[in-house]
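>>> Sequence first, predicted coordinates after that:
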Amino acid sequence: MGSSGTIVRMRLDSRPARAERVIAHRGDEELLLLDPEDGSYYALEEVGARIWELCDGNRLASDIAATLEAEFDAQPEEIRADLLELLDELSGRKLVVDAAR
């Protein structure tokens, strides 16, 4: 959330970074995230897990999209839309932050 209490939406010029408090554990078919603040678990499948790995605070979301475009067989517009949707969801749950802000 921003200082005015509004949700900060991720954009292609955002620099998503994993929240340090989140514990990640790779299962057989998914990546499990644990938020120790509230005990919530989240499961990310293959593409979501790859996005999580790439959220290092150094890469722009557009760089993450370019990496996904090279690794997965999908239209660039679909990849960018899905990426921003997941980043917004993770940001809304305070699992990722925008290191550029």
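Received, thanks.

>>> Could you tell me the end-to-end distance of stretch 84-98?
Length of stretch 84-98, first residue to last, C-alpha to C-alpha, to the nearest Å: 12 Å.

>>> all strands for the chain, in order.
16-18, 23-26, 31-35, 40-44, 96-98 (DSSP state E).

>>> doesn't Leu54 make contact with Arg18?
No. Using C-beta atoms under 8 Å, Arg18 is not in contact with Leu54, being 9.7 Å away. Yep, even glycine has a C-beta here, placed from its N, CA and C like the rest.

>>> picking that back up, now the strands of the chain in TSV, with mean pLDDT and distance to Glu89?
Compiled in TSV, those are given as follows (pLDDT from 0 to 100; distance: least, C-beta to C-beta, whole Å):
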stretch	mean pLDDT	distance to Glu89
strand 16-18	97	12
strand 23-26	96	16
strand 31-35	97	12
strand 40-44	95	9
strand 96-98	95	9
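
>>> Quick one: closest of those to Leu90.
Leu90 lies closest to strand 96-98 among the strands of the chain, at 4.3 Å (C-beta to C-beta).
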